[in-house]
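> Here's a sequence, model it:
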Amino acid sequence: MVIVYRCRFITGAARVTGHGDIGEVGWFKTRALPSPMSATVAPAIEAASLGGKGMVFEEPAAEQAKRRRFQVKRGGLTPSPRRVTAMPRINIPEGEGGDAVQVWMLRPEMGAAVAKLSDAAYNKSIIPTRVREAARMRIAQLNECKVCLSFRADSVMEQGMTEDFYAHVSTFHNDDRYSPQEKLAIDYAERFAIAHTAIDDAFFDKLREHFTDAEILDLTICIAAFIALGRTLNVLGIEETQLTDVNYVKG
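Below is the predicted model of the structure:
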């Protein structure tokens with residue numbers, strides 16, 4: 001028997017979303033899991049055991065009604081109420097670019113470093129734009145970062161990106177609109193965000209089938225930047241930006 005955090009049973013491909021804190025545990029036999037799901041059971045178990053976000057699998061309402069559910073409470077791990085206010089949690093000066101830009105005016109010395117990191121991910125990366133954006137959007141979904149979810153850089157959209165591309169990254173497993181390289185980047189982003197210690201040598205062998213070592217490092221830095229900055233905005237309650245592109249200008 002295995003424990004799978006917030007496991008919603010389905011037929012077919014499984015997807016990871018990582019919503020919420022631990023509040024529900026389902027018990028299933030490993031061999032009963034669909035193959036895409038069984039491939040990600042270990043990260044789910046590890047994330048749940050550490051009190052982190054785990055794997056969430058969507059299911060039809062009828063199937064959900066049949067599922068056994070166990071409501072559990074563990075010290076400090078009961079579900080947190082959703083924040084409904086759009087007000088930032090700290091006082092941010094008004095100015096050009098909105099809260100996501102002006103927040104760095106509180107610590108301009110650090111803001112300059114953040115701007116350079118964002119610029120590196122967007123303008124210095126050697127990863128193809130579609131590949132990088134697929135990973136970025138999956139991270140935005142997992143981070144539940146409203147700024148990240150809505151942000152579309154002008155320079156990226158000018159390369160032919162569409163809303164259809166962004167809308168389906170969470171169900172990439174069996175979606176032919178994504179190339180093998182794009183799917184692998186999304187998979188890497190999910191693992192990095194949810195269960196980074198479960199990334200093993202076998203997965204890196206898969207990465208090397210589609211990326212050079214320099215590209216793997218590049219993609220890793222981009223994913224790390226997206227996770228860190230997105231979670232920073234989410235935690236601070238920053239949900240608004242007027243930024244339309246990423247261009248670092250030394251002040």
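
> Lowest average confidence across helices and strands of the protein, where is it?
Within the chain, confidence by mean pLDDT, DSSP states H and E is lowest for strand 70-71 among all helices and strands, at a mean of 29.

> Now do the buried residues in the helix or strand containing A115.
Take DSSP states H and E as the rule and A115 turns out to sit in helix 108-119. Along helix 108-119, these residues count as buried under the neighbour rule (16 or more other C-beta atoms under 10 Å): 111, 114-115, 117-118. For the C-beta atoms, the positions are set from N, CA and C on the backbone; glycine is no exception.

> separation between Q102 and P88?
10 Å (C-beta to C-beta, to the nearest Å).

> now the helices for the stretch 51-200 of the chain?
61-66, 99-102, 108-119, 129-143, 146-150, 154-157, 163-167, 180-194 (DSSP state H, counting those that start in this stretch).

> Look at E182 and say how many residues are nearby.
22 (other C-beta atoms under 10 Å).

> quick one, what contacts it?
130-131, 134, 172 (C-beta atoms under 8 Å, 6 or more residues apart in numbering).

> likewise M105?
92-93, 95, 111.

> on that earlier part again, so which of the helices of the stretch 51-200 of the chain is the most packed in?
helix 129-143 (a mean of 24; mean count of other C-beta atoms under 10 Å).

> by contact count, what packs against it?
helix 146-150, helix 163-167, helix 180-194, helix 213-235 (3 or more C-beta pairs under 8 Å, 6 or more residues apart in numbering; DSSP states H and E).

> Distance check, the closest residue to Y166 other than its chain neighbours against M87.
Using C-beta to C-beta, 6 or more residues apart in numbering and skipping the chain neighbours, the partner closest in space to Y166 is M137 (5.1 Å). Per C-beta to C-beta, M137 is found 26 Å from M87.

> Check F204 too.
Counting by C-beta to C-beta, the gap from F204 to M87 is 43 Å.

> what's the nearest residue to R208 if we skip its chain neighbours?
I216 (7.3 Å).

> That neighbour against K206, yeah?
No: the pair I216 / K206 is not scored as a contact, 10.8 Å apart, by C-beta atoms under 8 Å.

> Who has more neighbours out of the two?
Taking neighbours as other C-beta under 10 Å, I216 and K206 compare with I216 leading, 16 against 13.

> which of the contacts of M105 tops the neighbour count?
Of the contacts of M105, with other C-beta under 10 Å as the count, I92 tops at 21 neighbours.

> and A121, what does it touch?
Taking C-beta under 8 Å, 6+ apart, one finds 132, 221-222, 225-226, 246 in contact with A121.

> and if we set it to 6 Å?
222, 225 (C-beta atoms under 6 Å, 6 or more residues apart in numbering).

> Where does the prediction get shaky in the chain?
1-86, 248-251 (pLDDT under 70).

> Which residue ranges make up each domain of it?
2-71, 99-235 (automatic domain parsing).

> got CSV for the helices and strands packed on helix 129-143, with distance to T241 too?
Shown next, in CSV, are the helices and strands packed on helix 129-143 (distance: least, C-beta to C-beta, whole Å):
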stretch, distance to T241
helix 146-150, 5
helix 163-167, 17
helix 180-194, 21
helix 213-235, 9
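
> Go through those and name the closest to K124.
helix 213-235 (8.6 Å; C-beta to C-beta).

> does F226 really touch R138, like I thought?
No: using C-beta atoms under 6 Å, F226 is not in contact with R138, being 8.9 Å away.

> Overlap of the contact sets of the two?
With C-beta under 6 Å, 6+ apart, F226 and R138 have no common neighbours.

> Can you tell me the closest non-neighbouring residue to V235?
R89 (7.7 Å).
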